[in-house]
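Visitor: Pasting the sequence and the predicted model now:
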Amino acid sequence: MAASAYSSLLSTPSLKKPSSALSWKLPLSPAFNVSVSLPRRARSRPLFVVFAMDAKPTVLVAEKLGEAGLNLLKGFANVDCSYNLSPEELCTKISLCDALIVRSGTKVSREVFESSAGRLKVVGRAGVGIDNVDLAAATEHGCLVVNAPTANTVAAAEHGIALLTAMARNVAQADASIKSGKWQRNKYVGVSLVGKTLAVLGFGKVGSEVARRAKGLGMHVIAHDPYAPADRARAIGVELVNFDEAIGTADFISLHMPLTPSTAKILNDENFAKMKKGVRIVNVARGGVIDEDALVKALDAGIVAQAALDVFTVEPPPKDSKLIQHENVTVTPHLGASTMEAQEGVAIEIAEAVVGALKGELAATAVNAPMVPAEVLTELKPYVVLAEKLGRLAVQLVAGGSGVKSVKVTYASARAPDDLDTRLLRAMITKGLIEPISSVFVNLVNADFTAKQRGIRLSEERVILDGSPESPLEFIQVQIANVESRFASAISDSGEIKVEGRVKDGVPHLTRVGSFEVDVSLEGSIILCRQVDQPGMIGKVGSILGEENVNVSFMSVGRIAPRKQAIMAIGVDEQPSKESLKRIGGVPAVEEFVFLKL
Ligand SMILES: NC(=O)c1ccc[n+]([C@@H]2O[C@H](COP(=O)([O-])OP(=O)(O)OC[C@H]3O[C@@H](n4cnc5c(N)ncnc54)[C@H](O)[C@@H]3O)[C@@H](O)[C@H]2O)c1
Ligand SMILES: O=C(O)[C@H](O)COP(=O)(O)O
C-alpha cells in the first residue's frame, strides 16, 4: 500500500477539541508522536501523519485471533489480548486503546465509542458480519470500521453444505441416537439432494460458493438477491428469481444475506406460509434473519420439515430454547468461519487492515468510509491540502452570526467526471469549513455526517475544461451563499462569498477572492486588504509587519483597473499582533482588511 496519506482524516481521537493553544494541531493522543510527510513549504500544520515507531499504538484484541495476525499486530502495536470482557470492562479498557479487534461475540455499542473519549480510531471485525458494531456511532465518532470479508467465505460455504447434507441424512440425530445405545435405521431415513431445488437467499460471496457446491451435488439452484449481478449467476448456472418465487418453489432454502433492518425476520409467519410443505432450511448467515418463534410454529405444523442452524438471534441461545431442542433441528454453535485455515486467513486480513488504518492508509475493507485507491491518493495529495485551506478561508470570511448553510464547490478539470473522485476533497473542504467554527473534529469517516448534522448543504459541480488532463484539477472554487462577509470584497458579483485556488508546483495557492484575482501561496496565514491602488502600499504594509519581525512569505495585488480598487493578499509566517493589524487598518488607502488563519 502507498504511504500514509489519510491520517489527518482518520486520526481523530476526540470529538471535542482541546481548549489549549494546541487546538489546531492534529488530535493525536498524548502518547503519540507524529511525523509529517509534506514538502516543507506546505507545512502550515500537519496534514498527513503517521505514528512514529517509538510510540506504539495500543490494539485491544477482544476475541481469539490467529497467531499470524497477532504477530503482525505486535510488529506495530502494543497488543492487549483480553477475552470475555463484560460490556463494562470493555468500556473501561477502551479509553486506553487506539484500535479494537472483535469477532461476532463482542457488541461494539455506542457506549464503547463514547467511553473511548475519541481515542479509538479503528474497529477491526475479524470476519464479515458487522451487525455487532454500531456503525452509526462509529461514524459519528470518526472511527473507521474495517472487516475481513474474504478469508472465511469458503469455510462458511463448506459449513452450509455440511449442514445441508447432515440435515438431509439426519446425521446429528442418528449420531446422538446410536451414542445413547439405540439402532434406529427406520427412524432416520433421509431425503436425497439430487434433482431438488435449492433457493439461495443472498447471492454474495458465501451464497455463490454454496450455489457452486450444490450444483456439484446435482441440485437445481435458484437464487434471490436484489443486488446480485446477473452475469455472476449465469456463470454459475443459477437463475435469479424474485423472493416469492424463490421461497415458493424451493425444497431447500439456504440463507446468506447480512442482517440489516430490511432482512431482519425476513423468514416470518407470512413467508413460511408461502413455502412448499416440507421445505428444509439452512442458516449460516445470521440468526436474526429468521423469526425464530415463527420457525418453531412452522416446524410444528410440518411446513418446515427440518432446519439446520449455525446462528441464532441471541448467542449463545437459551438452553431451554424450543428451537434448539426441536427434534427436527440440527444446530452448531456459530462455527461457519471456524476452520484453522479460515481463522489464520481472517487474522492476517484484519491485522493488515488495522495496521494499515492506524498508519493512515485507508483499508480496502473500510466499511464506513470511502475507499480511495493509493495512486489516486498520491495524485490528489496537494489538492487535498488546497481543499481544506479553501474551506478554512471561506468560513473565516463569513461575518459572525451568519450561519453557513449552503456551500457550493466547483471542481474544474480537463478530466472526464468519472476520472475524478471528489469524496476525499469534499471531506477536506467540510473539515476546513467546520473546524474553525466549532468544537468538532472532522475526518473522512464523519465529514458528511457532521455537515448534515450542522445543516450544511454542500453541493458539488464539475466544470469540464478543454485541454490535456495532465493534472487532476485546474482549480477548486468554494462559494458560501446567503451569508454576509467580514470582508465585503470576498462577495462575488452573484452575491456569494467566493474563494478559488489552484496547485502550482505542488503548492496550493489562493487565486481568487470574490471578483478579484490574487495569487498567494496558502502557507502560514493571510492578510487580505482592499485598498485604493496606488504606489507604496506594499512597502507601507510590509514595513509594519517587518517592524514586528513577521516574515512575509508571499504578496500579490489583484486590481480592477490601475489606480482603482485593488486587493492585496499577503502571506505571513507568523501571526501579527493586534496592534500591527490595527496599524495596517489605519493606513489611509486601506478600505478594509481581514486576517485569516490557515
Ligand atoms: N456462520 C458464519 O460463521 C458465517 C461466516 C461468514 C459469513 N457469515 C454471514 O453470511 C452472510 C453473507 O456473507 P458474505 O460474505 O456472503 O456477504 P456478501 O456481502 O458477500 O453477500 C451478502 C449478499 O446478500 C445480499 N442481500 C442483501 N440484502 C438482501 C435481501 N434482502 N435479500 C437477498 N439478498 C440480499 C447482498 O446483495 C449480497 O450479495 C453474512 O450475514 C455474514 O455475516 C456467517
Ligand atoms: O460474519 C462472519 O464472518 C461470521 O459470522 C464469523 O463470525 P465469527 O468471527 O464470530 O466466527
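Guide: Okay, I see it. Ligands and ions are numbered 1, 2, ... in the order given.
Visitor: Just the element for residue 264, please.
Guide: Residue 264 belongs to no helix or strand when elements are defined using DSSP states H and E.
Visitor: and it, what pLDDT?
Guide: Residue 264 is assigned 96 on the pLDDT scale.
Visitor: OK, contacts around the closest residue to it other than its chain neighbours?
Guide: Residue nearest to residue 264 in three dimensions, not counting chain neighbours: residue 288, with 5.3 Å by CB to CB, 6 or more residues apart in numbering. The way it works is simple: take the backbone N, C-alpha and C, and place the C-beta from them, glycine included. Applying CB atoms under 8 Å, 6 or more residues apart in numbering, we find residue 288 in contact with 131, 259, 263-265, 313.
Visitor: Give me the subset of these that also touch ligand 1.
Guide: Near ligand 1, judged by CB under 6 Å from any ligand atom, the entries from those are 259, 263.
Visitor: Who are the contact partners of whichever residue of the stretch 301-450 of the chain sits closest to ligand 2?
Guide: Using CB to the nearest ligand atom, residue 337 is the residue of the stretch 301-450 of the chain that sits closest to ligand 2, at 3.6 Å. For residue 337, the contact set (CB under 8 Å, 6+ apart) comprises 103, 127-128, 152, 155-156, 343, 346.
Visitor: Tell me the one of these nearest residue 211?
Guide: Comparing those against residue 211 with CB to CB places residue 156 closest, at 13.0 Å.
Visitor: residue ranges with poor pLDDT in this protein?
Guide: Counting by pLDDT under 70, the ranges of the chain that qualify are 1-54, 362-363, 371-372, 401-402, 559-563.
Visitor: Near ligand 2, which residues of it? Just list them.
Guide: So the chain meets ligand 2 at 103-105, 126-129, 152, 334, 336-338 (CB under 6 Å from any ligand atom).
Visitor: which one among those gets closest to residue 69?
Guide: Among the residues of the chain next to ligand 2, residue 126 lies closest to residue 69 (CB to CB), at 7.4 Å.
Visitor: and the gap between that closest one and residue 318?
Guide: From residue 126 across to residue 318, the span is 26 Å (CB to CB, to the nearest Å).
Visitor: What's the local residue count around the one residue in the chain that gets nearest to ligand 2?
Guide: Using CB to the nearest ligand atom, residue 127 is the residue of the chain that sits closest to ligand 2, at 2.6 Å. Neighbours of residue 127 under the rule other CB atoms under 10 Å: 24.
Visitor: check which helix or strand covers it.
Guide: Going by DSSP H and E, residue 127 is not part of any helix or strand.
Visitor: can you pull the contacts of it?
Guide: For residue 127, the contact set (CB under 8 Å, 6+ apart) comprises 103-104, 147-148, 152, 337, 346.
Visitor: rewinding a little: looking at residue 126 and residue 318, which has the bigger crowd around it?
Guide: A direct count of neighbours by other CB under 10 Å for residue 126 and residue 318 places residue 126 higher, at 30 against 10.
Visitor: Okay, and the closest residue to residue 155 other than its chain neighbours sits in which element?
Guide: Among residues not flanking residue 155 along the chain, residue 342 sits closest, at 3.6 Å (CB to CB, 6+ apart). In the assignment (DSSP H and E), residue 342 maps to helix 340-359.
Visitor: Could you identify the helix or strand that succeeds that helix?
Guide: Downstream of helix 340-359, the next assigned helix or strand under DSSP H and E is helix 374-396.
Visitor: Just the buried residues of that next one, please?
Guide: 376-377, 380-396 (16 or more other CB atoms under 10 Å).
Visitor: and if you look at stretch 307-317?
Guide: 307-313, 317.
Visitor: Closest to ligand 1 out of the contacts of residue 288?
Guide: When the contacts of residue 288 are compared against ligand 1 (criterion: CB to the nearest ligand atom), the nearest one is residue 263, at 4.7 Å.
Visitor: Buried subset of the contacts of residue 288 as a PyMOL selection?
Guide: Per 16+ other CB under 10 Å, the buried members of the contacts of residue 288 correspond to this PyMOL selection:
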select buried, resi 131+259+263+265+313
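Visitor: Check the contacts of residue 288 against residue 95 and report the nearest one.
Guide: residue 131 (24.7 Å).
Visitor: which one is the residue of the stretch 101-250 of the chain found nearest ligand 1 nearest to, not counting chain neighbours?
Guide: Nearest residue of the stretch 101-250 of the chain to ligand 1: residue 204, at 1.8 Å (CB to the nearest ligand atom). Closest residue in space to residue 204, ignoring its immediate chain neighbours: residue 256 at 6.4 Å, by CB to CB, 6+ apart.
Visitor: Would you confirm that the one you found contacts residue 200?
Guide: Yes. Residue 256 lies in contact with residue 200 (CB atoms under 8 Å); the separation is 6.1 Å.
Visitor: who touches both of those two?
Guide: 207, 210.
Visitor: Among those two, which residue is more densely surrounded?
Guide: Each of residue 256 and residue 200 has its neighbours counted (other CB under 10 Å); residue 200 has more, 33 against 27.
Visitor: quick revisit: compare the residues of the chain next to ligand 2 and tell me which has the most neighbours.
Guide: When neighbours are taken as other CB under 10 Å, the top entry among the residues of the chain next to ligand 2 is residue 126 (30 neighbours).
Visitor: from what I can see that one touches residue 63, true?
Guide: Yes. Under the criterion of CB under 8 Å, residue 126 makes contact with residue 63 at 7.1 Å.
Visitor: Which residues are in contact with each of the two?
Guide: 101-103.
Visitor: can you give me the offset of stretch 528-546 from its chain's centre?
Guide: Centroid separation between stretch 528-546 and its chain, computed with CA atoms, centre = their mean, to the nearest Å, is 47 Å.
Visitor: Alpha carbons only: can I get that stretch in PDB?
Guide: C-alpha atoms of stretch 528-546 as PDB (Å, rounded to 0.1, in the frame of the first residue of the first chain):
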ATOM      1  CA  LEU A 528      -6.300  40.400   2.800                       C
ATOM      2  CA  CYS A 529      -6.600  44.200   2.300                       C
ATOM      3  CA  ARG A 530      -8.800  46.100   0.000                       C
ATOM      4  CA  GLN A 531      -7.200  49.400  -0.900                       C
ATOM      5  CA  VAL A 532      -7.100  52.200  -3.400                       C
ATOM      6  CA  ASP A 533      -4.400  51.100  -5.900                       C
ATOM      7  CA  GLN A 534      -1.500  53.500  -5.500                       C
ATOM      8  CA  PRO A 535       2.300  53.300  -5.200                       C
ATOM      9  CA  GLY A 536       3.900  52.500  -1.900                       C
ATOM     10  CA  MET A 537       1.200  50.300  -0.400                       C
ATOM     11  CA  ILE A 538       3.300  47.100  -0.400                       C
ATOM     12  CA  GLY A 539       6.100  49.000   1.300                       C
ATOM     13  CA  LYS A 540       3.900  50.500   4.000                       C
ATOM     14  CA  VAL A 541       2.200  47.300   5.000                       C
ATOM     15  CA  GLY A 542       5.500  45.300   4.600                       C
ATOM     16  CA  SER A 543       7.300  47.600   7.000                       C
ATOM     17  CA  ILE A 544       4.600  47.500   9.600                       C
ATOM     18  CA  LEU A 545       5.000  43.700   9.600                       C
ATOM     19  CA  GLY A 546       8.800  43.900   9.400                       C
END
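Visitor: ok so, going back, who does the helix holding residue 342 touch, helix- and strand-wise?
Guide: On a contact count with 3 or more CB pairs under 8 Å, 6 or more residues apart in numbering; DSSP states H and E, helix 340-359 meets strand 49-51, helix 67-74, strand 99-102, strand 122-125, strand 144-147, helix 153-168.
Visitor: what's the angle between the last one and helix 340-359?
Guide: Going back to what we said before, that points to helix 153-168. Angle, helix 153-168 to helix 340-359, by axes from the mean of the first three to the mean of the last three CA atoms, to 10 degrees: 140 degrees.
Visitor: Which neighbouring elements make contact with helix 153-168?
Guide: helix 205-216, strand 252-255, strand 279-283, strand 304-309, strand 329-331, helix 340-359.
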